[in-house]
Structures are given as C-alpha cells and as structure tokens.
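**Student:** No letters, just coordinates:
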C-alpha cells in the first residue's frame, strides 16, 4: 500500500479473489439494505456522478428518534461509482452538519459540508449500581461511522473489487 492509498483509505481485495461483474457488485451492495440497519443503500442517479449512495436514515421516521436521542451533530454519506475497466469502486465520504428544529424536534441538514476519510465515534453511558453494589457504567448508545463504511468496503472487497477513496477531484 502506497502513501496515497493510506491517505485515501484505499483497500485491495485479498489475493486470488476474482472480480465479479459490476451488476453483481451493485446487487451485493443493495443487498446490505434491511429494516434493522440504520443506513440505506440506494441508486444515486444524478447525485454527483455516483451510481450508488449509502447514508444514515436520519430523515426516516422509524430511525429519527434514535438519531435525535443520540444528539449527533453530523450525518454521513458515501457516494460510490464502480469503474468496471479497473474493477475499482471510487468512493467519496461526506459529512453534513445536522441541527434540530421544530417541536417535536426533527433533524435538518444545514449548509455545513466536508468530505474526506475519517472516523467519528459517539457513545453515551448511564451510571447505575453494579451487581457488587459499586457503581457501574452501561453503554446506552453507540454511533460509529465504521458501522456504515465497513459493510460497504467489505462487500466491495469480497466482490474482488478495489475500494478507492477519493480525497481530491471528482468521483
């Protein structure tokens, strides 16, 4: 792995993994969707050149309570564009700032925007009594951007494609 690969988060599949077709890759990535995951993978036609977009479900009523309760201040989106000639998926990771408005509160993405590789982890703890009578901290909420990035990246690599992070330029 070169310096720029490390900087952009680029990963290559394991030796001997034959790349599948672009359509098989798309099906595998769209197959990550489900009612129990807090993110959605969708077609991204017209979204900055992306063929697929994966993002947190902050706007969906079923998930909005979780994101409101967590007091998160950012949302996360991955724009993906498969390049069949080189069997790589070009990926842009984007962050948007989120604010709470209205009553009852709802999340709205503000004008703040950044892009690039990174990781954010937020945790909430509750203090209570342990079995031995002493204090005990219990994790009540955990938000990690890797919970979205890792399934995407692992699916791309398992399909025999390169995960190429894009830090500069267009997708």
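**Tutor:** Yes, it's here. Predicted, not measured: the structure shown is a model, and the values here were computed from it.

**Student:** Low-confidence stretches in this structure?
**Tutor:** Applying pLDDT under 70 to the chain flags the ranges 1, 46-49, 58-74, 97-116, 118-124, 140-142, 169, 171.

**Student:** Pull the residues that contact stretch 4-15.
**Tutor:** Applying Cβ atoms under 8 Å, 6 or more residues apart in numbering, the contact partners of stretch 4-15 are 1, 19, 91, 93, 117, 153, 157-167. Backbone N, C-alpha and C define where each C-beta goes, glycine included.

**Student:** how does it look with 7 Å?
**Tutor:** With contacts defined as Cβ atoms under 7 Å, 6 or more residues apart in numbering, stretch 4-15 is touched by 117, 153, 157, 160, 161, 162, 163, 164, 165, 166, 167.

**Student:** Now secondary structure too, for these, in JSON lines please.
**Tutor:** As requested, the contacts of stretch 4-15 are exported to JSON lines (DSSP: H, G, I helix; E, B strand; the rest coil):
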{"residue": "117", "secondary structure": "coil"}
{"residue": "153", "secondary structure": "helix"}
{"residue": "157", "secondary structure": "helix"}
{"residue": "160", "secondary structure": "coil"}
{"residue": "161", "secondary structure": "coil"}
{"residue": "162", "secondary structure": "strand"}
{"residue": "163", "secondary structure": "strand"}
{"residue": "164", "secondary structure": "strand"}
{"residue": "165", "secondary structure": "strand"}
{"residue": "166", "secondary structure": "coil"}
{"residue": "167", "secondary structure": "coil"}
